[in-house]
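S.K.: 3D, please:
(2 chains, ligands or ions: 2)
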Amino acid sequence: MNNGTTAAPLLAVRGVTLQYKTKDHLVTATYRVDFDVQRSDRFILLGPSGCGKSTLLKAVGGYMKPIEGEIRLKGEAVTRPGPDRMMVFQEFDQLLPWRTVKENVMFPLRATGRLPRKVALEKAMEYIAKVNLTGFADNYPHTLSGGMKQRVAIARGMAMEPDILLMDEPFAALDALTRRKMQDELLSLWEGTRFTVLFVTHSIPEAIKIGSRILLLSPHPGQVKAELDSLPVDASASAISALEQRIHSMLFADAIEETTTTEKVTA
Amino acid sequence: MNDIAAAPAARPEILREPVSTATFGIVQKPLSFWERVTNLGWVRKLALLVVIAVVWEVYARQLDNPLLFPTFSATVLAFFHGVFGGDLFTKAMTSLRVLVMGYAAGIACAAVLTVIAITSRIGTDLLELLTSMFNPLPAIALLPLALIWFGLGTGSIVFVIIHSVLWAVSLNTHSGFLAVSNTLRMVGRNYGLRGLPYVARILIPAAFPSILTGLKIGWAFAWRTLIAAELVFGVSSGSGGLGWFIYENKNQLEIPNVFAGLFTVIVIGLIVENVVFRVLEAKTVRKWGLQS
Ligand SMILES: Nc1ncnc2c1ncn2[C@@H]1O[C@H](COP(=O)(O)OP(=O)(O)OP(=O)(O)O)[C@@H](O)[C@H]1O
Ligand SMILES: [Mg+2]
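M.R.: Ligands and ions are numbered 1, 2, ... in the order given. Below is the predicted model:
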């Protein structure tokens, strides 16, 4: 399944099982998941709703401890959240409402004591320009549209220049048109700096468009189903739709299995 | 089948060129003077105050019994007399000094308590237990005890004010902290913030609407407790405050002065609510879009 890269991976996920303990349930979200992310990868976690993609991302972010297995970033075990793994969430309320766009992007740079104020401001403005929001630098988040808020969140994540950028369906709440534009913007941003990104989505076209490598997870509880190379950005429409078909049939096969098993149970 | 409406007939396509934005500029219509004036909250409130004063004046004149219910004009007169000729101003300042002392100390205690509550589970239990025990207890009921512990004087009053402020502010602050969205919490931890910096830079601003409500309620409670406490034992403390002023004038049947004392309490309350808290709100939660 590994395409033969021998270099030490940037992020190594090994046999990770994640569980939620609720009052009267123990929910297994993912079961023994393995994958490696290399530097400058656009690595996609793709799978049906509820298969544990967000949970996996939270674990990489350090918000959850695996029940078994381990997650290593640059060889060091992940134990807690930290600014070396910046998160971009799906929710629009991820910006601090009491800070302007500029201050939101600057805040992590200052809070981690990484840069002095002036340098942080320059860096923030540089990344705000990259997401085309220079004119809104002094606005408060509540005066921005949903897509603009997500762009600020992406600028904030990128300005920290983390080892890996974690994105949990950042475009899912956007309309189709804005979504397409944001995908293009993300790709051109990547062309500029070649950052490493771990991107969660449940949209097959989005996975193919954004990703350089795609991890396919089975339905709940999530297990690795396949790890595929995606297509280059300039791939032909027929190649794209062929890959879409292939991934779709993999996910669809599961759906059939699921319905047949439930039928057996009810029969 | 034939009661289904027919599909609409085919229509021609409509294609238009939008007008260039440069040609129409910003579309706006100036509001009339009257609209602009009535859009100001304080103007509307001032108008209401005038109506209330007029009703008061008319009713009191009809009643014509200054011992029971002096007129508005008599009260205002007594107020200015008290402020410029008498000791109403110094009394009010005495009250305010004690009030601010108690209020500030209460907020400081509440801050410590809620920080403990938010950083540990046992702290949460402690806060919940203490608030459910002491919040229903009227502050004035503690006054006899306070008098034994701290003697007649400022100490006792400050103690009961702290009691009245502490629980209201902690309860609101804590529930505000609990209501902070999970996303914002994760964002804060993503920056590696923990402990006090996390509370100060994420939780407090995010919970600010609730905290502000707590501060307002605490302020009102503090006022009530203060005046009530002064009514009870202003008797033996030499430089009593507003409560004592009211009590003294009641004994001398100077009813307009009693009203002037109450009037002062109301005026200070109005100023604090409509100036201090209003400005605080405009500079924080309104600007951030957390409250409209
Ligand atoms: N806080 C929680 N407590 C208990 N169970 C949870 C919790 N969060 C998620 N789960 C469970 O874990 C499983 C995986 O959830 P997760 O949110 O990771 O799915 P997902 O792949 O991100 O789905 P989606 O595409 O819908 O976002 C689900 O079955 C869900 O019920
Ligand atoms: Mg999810």
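S.K.: in stretch B:219-236, what counts as buried?
M.R.: Under the neighbour-count criterion of 16 or more other C-beta atoms under 10 Å in any protein chain shown, stretch B:219-236 has B:219-234 buried. (Each C-beta comes from the backbone N, C-alpha and C, glycine too.)
S.K.: Tell me the spacing between the residue of chain B found nearest chain A and residue A:232.
M.R.: Chain B approaches chain A most closely through residue B:289 (2.7 Å), counting by C-beta to the nearest C-beta. Counting by C-beta to C-beta, to the nearest Å, the gap from residue B:289 to residue A:232 is 42 Å.
S.K.: who's more crowded, those two?
M.R.: residue B:289 (13 against 9; other C-beta atoms under 10 Å in any protein chain shown).
S.K.: Reduced to three states, what does that one come out as?
M.R.: coil (DSSP: H, G, I helix; E, B strand; the rest coil).
S.K.: I'd assumed residue A:139 was in contact with the residue of chain B closest to chain A.
M.R.: No. Here residue B:289 does not reach residue A:139: they are 10.4 Å apart, not a contact under C-beta atoms under 8 Å.
S.K.: got the buried residues for stretch B:260-280?
M.R.: B:260-265, B:268, B:272.
S.K.: and residue B:60, what does it touch?
M.R.: For residue B:60, the contact set (C-beta atoms under 8 Å, 6 or more residues apart in numbering or on different chains) comprises B:69-72, B:74.
S.K.: and the helix or strand containing residue B:101, is it in reach of chain A?
M.R.: Using DSSP states H and E, residue B:101 falls within helix B:88-119. No. Helix B:88-119 lies out of reach of chain A by C-beta under 8 Å from any C-beta of the partner chain, never closer than 15.9 Å.
S.K.: mind listing the strands in the chain by residue range?
M.R.: The chain I'm using is chain A. For chain A, applying DSSP state E gives strands covering A:11-21, A:26-37, A:42-46, A:68-73, A:76-77, A:85-88, A:164-168, A:197-201, A:213-217, A:224-229.
S.K.: looking at chain B here, not the other one
M.R.: Under DSSP E, chain B gives no strands.
S.K.: Of all the helices and strands in it, which has the lowest average confidence?
M.R.: The helix or strand of chain B with the lowest confidence, counting by mean pLDDT, DSSP states H and E, is helix B:21-24 at a mean of 69.
S.K.: quick one: low-confidence parts of chain A?
M.R.: Applying pLDDT under 70 to chain A picks out residues A:1-6, A:254-267.
S.K.: what residues does it put near chain B?
M.R.: A:61, A:63, A:80-83, A:85-87, A:89, A:91, A:93-94, A:96-98, A:107-108, A:111-112, A:140-143.
S.K.: What residue in the stretch 1-150 of chain B comes nearest to ligand 1?
M.R.: residue B:121 (18.3 Å; C-beta to the nearest ligand atom).
S.K.: Tell me the confidence at that residue?
M.R.: pLDDT recorded at residue B:121 is 90.
S.K.: what's the burial count for it?
M.R.: 8.
S.K.: re the thing from before, restricted to helices, list the buried residues of stretch B:219-236.
M.R.: B:219-233 (DSSP state H).
S.K.: my guess is residue B:102 meets residue B:161, correct?
M.R.: Yes. Using C-beta under 8 Å, residue B:102 makes contact with residue B:161 at a distance of 2.7 Å.
S.K.: shared neighbours, those two?
M.R.: Common neighbours of residue B:102 and residue B:161 (C-beta under 8 Å, 6+ apart) are B:222, B:225-226.
S.K.: Serialize those to a markdown table and add fields for pLDDT and distance to residue B:278.
M.R.: Shown next, in a markdown table, are the shared contacts of residue B:102 and residue B:161 (pLDDT from 0 to 100; distance: C-beta to C-beta, whole Å):
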| residue | pLDDT | distance to residue B:278 |
| --- | --- | --- |
| B:222 | 93 | 18 |
| B:225 | 91 | 23 |
| B:226 | 90 | 22 |
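S.K.: Tell me the one of those residues nearest residue B:81?
M.R.: The shortest approach to residue B:81 among those belongs to residue B:226, at 23.5 Å (C-beta to C-beta).
S.K.: which residues touch the closest one?
M.R.: So residue B:226 contacts B:95, B:98-99, B:102, B:157, B:161, B:241, B:243 (C-beta under 8 Å, 6+ apart).
S.K.: Give me the phi and psi angles of residue A:95.
M.R.: For residue A:95, the backbone dihedrals (degrees, to the nearest 10) come out as phi -80, psi 150.
S.K.: How many residues are close by the residue in the stretch 51-200 of chain A that chain B sits nearest to?
M.R.: Of all residues in the stretch 51-200 of chain A, the one sitting closest to chain B is residue A:142 (2.7 Å; C-beta to the nearest C-beta). Other residues near residue A:142 come to 15 when the count uses other C-beta under 10 Å.
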